[in-house]
Structures are given as C-alpha cells and as structure tokens.
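[1] Whatever this is, show me its structure:
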Amino acid sequence: MSLAKPVGLPVLALLALAIGVSMTWLDTNIVNIAIPTIMGAFGVGINRVEWIFTVYILTMAVAMPLSRWLGEELGYRRLFMIAVGLFTVGSLMAGASWNIYSMIVFRAIQGFGGGIIMPVAMTLLFRVVPRQKIGTAMGIWSVVLMVAPTIAPVLGGYLVEYWSWRFIFYINLPVCILTLILVEMLVPKDAKTSAGIFDFPGFITAAGGLFALLFAISEGQTYGWTSEPIILSFYLAMALLILFVAIEMKHKNPLLDLRVFGSAQFTIANLLGVVQVLGFYSSVFYVPIFLQDIQHMTSMQAGMILFVPAVVSGVISPISGRIYDRFGPQIVIIPGLVVIGIFTYMLHFIQIAISDAAIEIWLAGCYLGLGLVMTPMISSAMAHIPPQHSGTANTLFSIVRSASASFGLAMLNVMLLNDEANYMSSMRGYYTPGSHATVAAQMAAHTAQLPQAMLSNIYQIIQTNALVQSIDNIFLFVSAMAFAAIFLAVFLRRKVHS
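    Here you go, the predicted structure:
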C-alpha cells in the first residue's frame, strides 16, 4: 500500500508522529532535574555526569544524516518504528544503569534513535498532509512539541522527589509503546525505493566533523578554549566539514543533497530557526536556573512558572498556522519576532527581588512570539521544496535546529561564564584590604578585621549578583538577535508546490 495524501487533515496520524518526536524533546530536558541525584547515586562529579548530555546530543547529530538513506531503503514508516524501538531500549537500559559509564552507553543508544525520529517524522508529515493544509498541520505539531520541554522540570521534579531518578527514563516506555501502536494503526505504509550506494565517505566526514565540533564546544570550558585538544578539535571539525561539503556536491547519491540550500527561502527559514531556537532555549534553560538558584524555588515551583507560557504558546501555534495558510509567512513571522525581541528585552530586567508575576508575564509574552514564529517558519522552509526533495530538506532542517540548540546554548553559556567572571573580578576589587568598601564595612562592624562569616556573606552576594547580571546579558543578546532577524523575514515569500 503506497502512502497517499488524504484530502482532509489526518489529525490522529499527526498526533501519533508528534507524540513520538515530543518524547525525544522531553528526554533532552527532563534529565536536568535529576543531575544532583544521579551524581550522588554513582559517586561522580560534574565532569563525568555531563557526558550523559554530551553523548546524547552527539549521537543524535550523527544519526540524523543517516535518516534519508535509511528512509528510502527501508521505508520511512518502518524506519520511524525501528527508531522508536531503539529509543525505547535505550530508555529502559538507561533507567537500569548500574554506573555512570553504563548510563553513557545507553544514552548513546537513546540519542541514536532520537536523532532518526525527528527528521523521519517530519518527512512522513509532509508526505501525509496536503500542501494547502501544511500551516494548520504545523500548528497542531507545534502545540505538542512546545509543551514537552516546558513540562519537563515539573514532571522531572515530581518523579525524582516522589518516585526515583530512574523513572525519568522509565516514563518514556508507555509513551514509546503508545506511539508504536498509533503509527501502526494510523500512518499508511510508504513504498520502499532503492536508495543507491551508501555515501560512506560523506557519513564519516559529517559524523567526524559534527563530533569534533560538538566536543570542542561542549568541553571548551573544561579543557580551556586555547588548550591543544580544543584547538585541534576545531581544526579537525573545520577540515572534515569542508571535505564533507566537497564530497556531497560531487557524489552521485549524496548522503545529504546540500543543493536544497540553493533555495533562498529555505536558507532564510533555517536562519530564522536559529533565532527561534535561541529564544526558546534561553528562556527554558536560564529562567529555571534563576528561579531555583537565586530565588530558591523547588523544581516543581519553577516548572509551574513555565506552565502558563507553555499554554500561551500552545494556543497561538494553531492560530498562526491558519494565518500562514491564508496570508503567507510575513504577516505572522515579523510580528512574532518583534514580540520576542520586546519580551526578551524585558527579561533582561530580572533582579533578585522581582515578583513571580512579572517573570510569568514576560515569559508568556516571549512564548507568544515563539508560537507566532515557529509554525510559519517550518512551513515556509518546506513550502519552497519540491516533494521529491522533502526527505533531504527535512533532515537538513532538523540538523540545523539541533546544531543551533547545542552550539547556541554552548555559546550562551560561554557568554554567561565570561560575564560572571568579569563581574566578580571587578567587584572583588572593592573588598581588598584597605579598599573604601572594606574600611566602611570594618567601621560598621566596629572591628579592625572583618569576620569570616561577613566575608562569606559578601562573597555570596557578589556571586549571586554576578549570576543575575550575566543572565540579564543573555536575554539582551537574544533580544538583539530577534530584532536583527526581522531583516531576514522581510525576504520570505509564499510559494506552494503542487
């Protein structure tokens, strides 16, 4: 039975695919809340436990380029179910890990399955949904995907607090099984085609280049950005990725047909995707840090602050999809970028004593903009690609978004750590022996030497203010990126292939 497009919108099939993809998004974020518990359980430090994140991202990036060739060779529906099965096995074994090294291996299995799930699901979506319904379909898709990483802190906090850290992995099992059942029942089979000779040189250079680049960015803070391993990793990544491009442009059956970037609209949509990813992850990642480390909320309390913005995004995404279907991309993307820019700028005013309501309102505004941008952006990227190239385009789009998430978050972390160090260094000068601040504190304490407790309190205040100031600068940077992206959105055009 060949995969034929229905006249209406296959909502249930969309939900089946979106649930499978949301599982990988949820798993990317839910593990954060259990890190201290896992470190205690296995008796390891942050330098070891961070690999359960790094290896997951690395294997996702490595697996993504394989999805097109495997999809053509096996059939995209069958490959999707195999990938979900692989993710299920990885989740089960990660929950049963007996030490940090076994968990790293099982997280790699999870990541490999997860890396295939996203691009294959997107390809199935664009093959099942009629082109004139793409905007509406992406609205439904976005609702499911935007909610998953937002509820992760609440769900993770609940599971760790009332069950066990192992359940942050076991929670995937019923969702995986449900996804397999729904896809088997609701997604039509697609005919297998000959994928040709496997582009092994392309795969090796792409995998090696991505691995080297992600390693350099992930481990730069650990080894030092000017250390030999990091410098060599950057050079190796650059050489391999340049070689990969050269191979793909000449190969008769390339692993990824980079010529789809010849579409200016596809390229612009990908660049806008980078801004959207930065806006989303800056809020999801740094706001919980502020709420838990600065305002001393529990993980569940912080998660509840993020819940209302998620609802706002979920409501607006289908609406933005319908507007796109009728009027095209500019009418929603440009206002969305303006809203992101305004409210991320507002977020850079957060201070230690700020009210929960203010953070919630500013986050809701930010998520409103993200919801306006996400659906039309994805739809615009694919609307300019002929159906026969949808597999390659979807894979490339997924790789760009994943790379933007990992590289972008790493870049923001570098900015935060540098700002924090500079702030603390400048503030320490005020409390050196004989400085005006130290003399004033000594006079206030009626002592010639500050007590150790007072010095500790002063240091803690400086450290806290440094973190807050650094987070503020992150939101200021993201706001500037959003406003700059408006220039790109002006050039988006509407076009639909029959």
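
[2] Quick one: residues contacting the nearest residue to residue 18 once chain neighbours are set aside.
    Of all residues not flanking residue 18 in the chain, residue 144 sits nearest, at 3.9 Å (CB to CB, 6 or more residues apart in numbering). Bear in mind the C-beta positions are built from the backbone N, C-alpha and C, glycine included. When the contact criterion is CB atoms under 8 Å, 6 or more residues apart in numbering, the partners of residue 144 are 15, 18, 19, 21, 22.

[3] Repeat that for residue 20.
    80, 84, 117, 121, 176, 179, 183.

[4] redo that, cut-off 6 Å
    84, 117, 179 (CB atoms under 6 Å, 6 or more residues apart in numbering).

[5] mind checking how far it is from residue 321?
    20 Å (CB to CB, to the nearest Å).

[6] on that earlier part again, most neighbours, which of the contacts of residue 20?
    residue 117 (30 neighbours; other CB atoms under 10 Å).

[7] can you tell me which helix or strand that one belongs to?
    Assigned by DSSP states H and E, residue 117 falls within helix 100-128.

[8] Now do that helix: distance to the chain's middle.
    Taking CA atoms, centre = their mean, to the nearest Å, one finds the center of helix 100-128 at 14 Å from the center of the full chain.

[9] same question, stretch 122-141
    For stretch 122-141, the distance to the chain centre is 21 Å (CA atoms, centre = their mean).

[10] go on, stretch 308-316?
    18 Å.

[11] about what we covered before: check the contacts of residue 144 and tell me the two furthest apart.
    15 and 21 (10.8 Å; CB to CB).

[12] The two - which one has more neighbours?
    Shown here are residue 15 and residue 21; by other CB under 10 Å, residue 21 has more neighbours (25 against 18).

[13] the inter-axis angle of the helix or strand containing that one versus helix 100-128?
    Per DSSP H and E: residue 21 is located in helix 11-30. When axes from the mean of the first three to the mean of the last three CA atoms, to 10 degrees is applied, the directions of helix 11-30 and helix 100-128 differ by 150 degrees.

[14] Quick one: residues in contact with stretch 213-226.
    54, 58, 229, 230, 233, 234, 237, 407, 410.

[15] can these go into TSV with extra columns for pLDDT and neighbour count?
    Below are the contacts of stretch 213-226 laid out as TSV (pLDDT from 0 to 100; neighbours: other CB atoms under 10 Å):
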residue	pLDDT	neighbour count
54	69	18
58	74	24
229	86	14
230	89	19
233	91	22
234	90	17
237	91	20
407	73	17
410	71	19
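
[16] if we take the residues you listed, which one ends up nearest to residue 244?
    Nearest to residue 244 among the contacts of stretch 213-226, counting by CB to CB, is residue 237 at 10.3 Å.

[17] Do you know the pLDDT at the residue nearest to residue 302 when sequence neighbours are not counted?
    Of all residues not flanking residue 302 in the chain, residue 291 sits nearest, at 4.0 Å (CB to CB, 6+ apart). What the model reports as pLDDT for residue 291 is 78.

[18] Counting neighbours, show which residues of stretch 100-108 come out buried.
    Using 16 or more other CB atoms under 10 Å as the test for burial, stretch 100-108 gives 100, 103, 104, 106, 107, 108.

[19] What's the first helix or strand after the helix or strand of the chain with the lowest mean pLDDT?
    Among the helical and strand segments of the chain, the one scoring lowest on mean pLDDT, DSSP states H and E is helix 436-445, with a mean of 49. Downstream of helix 436-445, the first helix or strand assigned by DSSP H and E is helix 452-489.

[20] So which elements touch that following helix?
    helix 264-289, helix 330-347, helix 390-428 (3 or more CB pairs under 6 Å, 6 or more residues apart in numbering; DSSP states H and E).

[21] For the last one, buried residues please.
    Of the residues in helix 390-428, those scored as buried under the neighbour-count criterion (16+ other CB under 10 Å) are 390-410, 412-413, 416, 419-420, 423-424, 427.

[22] what's the angle between the helix holding residue 117 and helix 390-428?
    130 degrees.

[23] elements contacting helix 100-128?
    Using 3+ CB pairs under 6 Å, 6+ apart, helix 100-128 sits against helix 11-30, helix 51-63, helix 66-74, helix 76-95, helix 390-428.

[24] can you give me the mean pLDDT across whatever helix or strand comes next after the first one?
    Beyond helix 11-30 on the C-terminal side, the first helix or strand identified by DSSP H and E is helix 35-42. Averaged across helix 35-42, pLDDT comes to 77.

[25] for helix 35-42, the distance to its chain's centre please.
    23 Å.

[26] If we go by neighbour counts, what in it is buried?
    35, 38, 41, 42.

[27] would you turn those into a markdown table with distance to residue 343?
    Formatted as a markdown table, the buried residues of helix 35-42 follow (distance: CB to CB, whole Å):
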| residue | distance to residue 343 |
| --- | --- |
| 35 | 29 |
| 38 | 34 |
| 41 | 39 |
| 42 | 40 |
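
[28] ok, back up a step: take the helix holding residue 21, keep the C-alpha atoms, and write them as CSV.
    The C-alpha trace of helix 11-30 is given here as CSV (Å, rounded to 0.1, in the frame of the first residue of the first chain):
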residue,chain,number,x,y,z
VAL,A,11,-5.1,14.8,12.8
LEU,A,12,-4.7,11.4,14.5
ALA,A,13,-1.7,10.5,12.3
LEU,A,14,-0.2,13.9,13.1
LEU,A,15,-0.6,13.4,16.8
ALA,A,16,1.0,9.9,16.6
LEU,A,17,4.1,11.3,14.9
ALA,A,18,4.2,14.4,17.2
ILE,A,19,4.0,12.3,20.3
GLY,A,20,7.0,10.2,19.2
VAL,A,21,9.0,13.4,18.5
SER,A,22,8.0,15.1,21.7
MET,A,23,9.4,12.1,23.6
THR,A,24,12.9,13.0,22.4
TRP,A,25,12.4,16.6,23.3
LEU,A,26,11.1,15.7,26.7
ASP,A,27,14.1,13.5,27.4
THR,A,28,16.5,16.2,26.4
ASN,A,29,15.2,18.5,29.2
ILE,A,30,13.8,16.2,31.9
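
[29] can you give me the angle it makes with helix 51-63?
    140 degrees.

[30] change the start of the numbering to 841 and stick with it
    Sure, I'll start counting at 841 from here, so that last one is helix 851-870.

[31] on that earlier part again, between the buried residues of helix 875-882, which is closest to residue 1168?
    So of the buried residues of helix 875-882, ranked by how close each gets to residue 1168 (CB to CB), first place is residue 875, at 43.6 Å.
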